[in-house]
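Chemist: sequence and predicted structure below; questions after.
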Amino acid sequence: MLQRTPLFSAHQRAGGKLIEFGGWEMPVQYSTITDEHLCVRRAAGIFDISPRGEVIVPGPAAAAFLNATLTNDVRKLVVGLGQYTLMCNERGGVIDDLYAYRLADQNFLLIINAFLLFVGCFIDTGTALLILSPLLLPIGRSMGMDPIHFGVIVVMNLTIGTFTPPFGLNIFVFQAMFKTPSAILYAGLVPFIILAVVALMLVTYIPALSLIVLPYVL
């Protein structure tokens with residue numbers, strides 16, 4: 001039985017002529033060649049690439065390896081975006097065309113966020129920056145991250161950690177100053193922590209917030 005892509009019903013509704021293509025039931029034509037040619041020239045053409053094979057290239061050296069193999073610069077991709085590119089042989093001839101998507105940064109950034117939040121609970125922000133920046137920045141650069149974007153993520157994580165229960169440093173300062181019981185203080189902090197984490201996730205996964213908006217704010 002032929003496999004069907006998630007867009008199979010859409011192909012049917014559009015009147016596509018379905019044929020076997022590498023074990024998949026795929027449309028080869030919708031109307032006439034002339035109509036489809038003019039449609040692409042005047043508007044756009046969309047190709048269902050679901051049947052294509054997938055290869056995952058993980059690790060800190062993934063970007064360097066892909067840039068040595070493909071014709072486009074994968075470092076320009078942010079998480080969730082892809083680019084059309086070519087794979088060439090040693091003579092520069094084209095082996096095949098393909099799409100490269102950036103997926104790995106999400107896992108990397110989630111780990112970094114959790115680690116920095118933990119560190120921010122125990123170590124002063126300035127001290128943590130002096131210790132961790134030389135260690136973490138090369139990792140971020142190897143993943144293709146902009147230094148400004150990476151710096152904003154680090155500072156936000158460490159700052160949130162300073163008022164995150166039960167060990168945030170600023171919590172103890174507040175308790176000592178105002179003699180407020182821990183239960184009352186923790187309950188009052190919850191809304192602020194939720195908002196701070198939401199802001200952190202937005203900045204983490206939408207680099208434009210730190211790369212475009214922040215310079216104008218500063």
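Modeler: Everything's here; your move.
Chemist: and the gap between A196 and G16?
Modeler: To G16, A196 is 49 Å away according to CB to CB, to the nearest Å. Quick note: C-beta positions are derived from backbone N, CA and C, even for glycine.
Chemist: for the residue of the chain most remote from its centre, report the pLDDT, please.
Modeler: Ranked by distance from the centre of the chain (CA atoms, centre = their mean), the top residue is K179, with 42.8 Å. At K179, the pLDDT value in this model is 82.
Chemist: which residues does it contact?
Modeler: Counting by CB atoms under 8 Å, 6 or more residues apart in numbering, K179 makes contact with nothing.
Chemist: separation between it and F172?
Modeler: Taking CB to CB as the measure, K179 falls 12 Å from F172.
Chemist: need the contact list for the closest residue in space to T159 that isn't next to it in sequence.
Modeler: In this structure, T159 finds its nearest non-sequential neighbour in T125, 6.0 Å apart by CB to CB, 6 or more residues apart in numbering. For T125, the contact set (CB under 8 Å, 6+ apart) comprises 155, 158-159, 162.
Chemist: and the pLDDT for T125?
Modeler: With respect to pLDDT, T125 scores 85.
Chemist: would you mind measuring from it to L158?
Modeler: 5 Å.
Chemist: what of I184?
Modeler: Following CB to CB, the distance that separates I184 from L158 is 25 Å.
Chemist: other SSEs contacting the longest helix along the chain?
Modeler: The helix that spans the most residues within the chain, counting by DSSP state H, is helix 182-205. Other elements packing on helix 182-205 under the criterion 3 or more CB pairs under 8 Å, 6 or more residues apart in numbering; DSSP states H and E are helix 104-122, helix 147-161, helix 169-178.
Chemist: can you list contacts of that helix?
Modeler: Under CB under 8 Å, 6+ apart, the answer for helix 182-205 is 79-80, 106, 109, 113, 149, 152-153, 156-157, 160, 163-166, 171, 174-175, 209-210.
Chemist: of those, keep whichever come out buried.
Modeler: Among the contacts of helix 182-205, those that count as buried by neighbour count (16 or more other CB atoms under 10 Å) are 79, 109, 113, 149, 152-153, 156-157, 160, 163-164, 171, 174, 210.
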